[in-house]
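A.B. asks: one predicted model, sequence on top.
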Amino acid sequence: MNLFEKMFNYQMMTRLNETGLFTWTSQERAWLRMMLNHPAAREALSAVTLDKMHNMLNGEQDLNLQDYLTEKAKSEENSVSHPLLRQLRLIILHHQGFRMTGRVRNGRTSHDEFGFPYKLEYSMVKKEWYVLWYAPRFDKLMSTKLHSIVTVEAQPVEPDTASGYTARIAAITEKRKTIITIEVLPEFNQELSRILYAFSCFEKQVEYLEAKQTYRIELTVPRNEMDYVLSKMRFLGKRVRIADHPMLRERMSETAAKALARYAEKEPDKHSEHSNEVQHRQPEEKPLAKADGH
């Protein structure tokens with residue numbers, strides 16, 4: 001592709017984005033048609049939306065992965081959808097609250113708890129859906145697994161009250177964030193794109209220090225995501241280092257010390273070495289002579 005074609009494509013995509021249009025390839029349409037045939041699609045989408053999308057993709061080709069992919073030793077598959085997803089999504093969309101009855105950690109059941117939900121999250125590690133909500137009674141942000149919820153009912157909230165809840169959620173979220181500065185060692189500057197991809201889920205700003213030929217990445221991270229940042233730092237190894245966060249620097253130092261201790265050679269025991277030397281120097285015992293001199 002020459003330079004003029006790239007410029008034309010860029011201008012066309014920019015205009016499409018300004019008008020709100022979205023272009024997709026035939027492979028993407030075939031993949032979507034295959035996903036709509038999954039049993040979880042009936043739970044995630046309403047019947048009207050599902051029929052409409054099926055009609056739109058009626059003439060597309062089938063993406064038969066079975067022709068070139070074989071599944072072996074497959075573990076039990078859990079549904080990625082949940083019956084409460086649609087209800088909670090509508091509550092969040094209409095800026096409503098809810099009355100929730102659910103199971104808590106110590107085995108108790110919390111009854112008729114009022115909250116204002118603002119986000120749904122899916123954990124790729126635990127394979128579970130979470131609802132994030134604000135508890136006005138405690139002035140805290142809460143996180144609840146959907147499978148822990150017994151019942152949930154929508155609760156109307158006045159627009160002014162909902163705006164106050166939203167402002168309070170933003171304030172608490174901003175207060176929980178912290179800034180971490182990460183430096184890329186100059187010999188690994190060519191791997192900057194890989195390093196940025198490792199932290200792609202966070203807000204970040206990149207600065208280049210020409211005098212030191214060093215890239216500095218400022219990450220804005222929620223406090224409950226510190227362990228995730230440390231795991232990415234261990235994955236990137238000697239390419240990066242934490243520049244300004246004493247607590248995280250100390251934890252990385254402890255991790256490095258523990259890793260090195262596993263491969264350090266143990267010093268020989270001086271006591272056992274001394275006893276072996278004494279035993280080696282002892283003269284051999286001669287046989288006892290008989291009384292007659294023989």
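C.D. replies: Okay, I see it. Numbers count the residues shown, from 1 in each chain.

A.B. asks: A helix includes Asn55, no?
C.D. replies: Yes - assessed with DSSP: H, G, I helix; E, B strand; the rest coil, Asn55 lies in a helix.

A.B. asks: so where's the longest strand in this structure?
C.D. replies: In the chain, ranked by residue count with DSSP state E as the criterion, the top strand is strand 109-123.

A.B. asks: what residues sit buried inside that one?
C.D. replies: For strand 109-123, burial by neighbour count (16 or more other C-beta atoms under 10 Å) applies to 113, 115-118, 120. Yep, even glycine has a C-beta here, placed from its N, CA and C like the rest.

A.B. asks: out of the residues you listed, which is nearest to Ile92?
C.D. replies: Pro117 (5.3 Å; C-beta to C-beta).

A.B. asks: excluding chain neighbours, give the residue nearest to that closest one in space.
C.D. replies: Trp133 (4.2 Å; C-beta to C-beta, 6 or more residues apart in numbering).

A.B. asks: what about the helices in the protein?
C.D. replies: Listed in chain order, the helices of the chain (DSSP state H) span 3-19, 26-36, 40-44, 47-56, 85-93, 159-176, 192-198, 226-236, 246-263, 270-281.

A.B. asks: for Lys127, which of these is the nearest?
C.D. replies: Nearest to Lys127, of all the helices of the chain, is helix 40-44, at 12.6 Å by C-beta to C-beta.

A.B. asks: list the buried residues for that closest one?
C.D. replies: Within helix 40-44, judged by 16+ other C-beta under 10 Å, the buried ones are Ala44.

A.B. asks: now do that helix, average pLDDT.
C.D. replies: Across helix 40-44, the average pLDDT comes to 81.

A.B. asks: same for it, what does it pack against?
C.D. replies: helix 85-93 (3 or more C-beta pairs under 8 Å, 6 or more residues apart in numbering; DSSP states H and E).

A.B. asks: only C-alpha atoms, please: export the helix it packs on in PDB.
C.D. replies: Taking C-alpha atoms only, helix 85-93 is exported to PDB below (Å, rounded to 0.1, in the frame of the first residue of the first chain):
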ATOM      1  CA  LEU A  85     -27.100  -9.300  33.700                       C
ATOM      2  CA  ARG A  86     -29.900  -7.900  31.600                       C
ATOM      3  CA  GLN A  87     -31.800  -6.700  34.700                       C
ATOM      4  CA  LEU A  88     -28.800  -5.000  36.200                       C
ATOM      5  CA  ARG A  89     -27.800  -3.500  32.900                       C
ATOM      6  CA  LEU A  90     -31.200  -1.800  32.600                       C
ATOM      7  CA  ILE A  91     -31.000  -0.500  36.100                       C
ATOM      8  CA  ILE A  92     -27.600   1.100  35.400                       C
ATOM      9  CA  LEU A  93     -28.800   2.400  32.100                       C
END
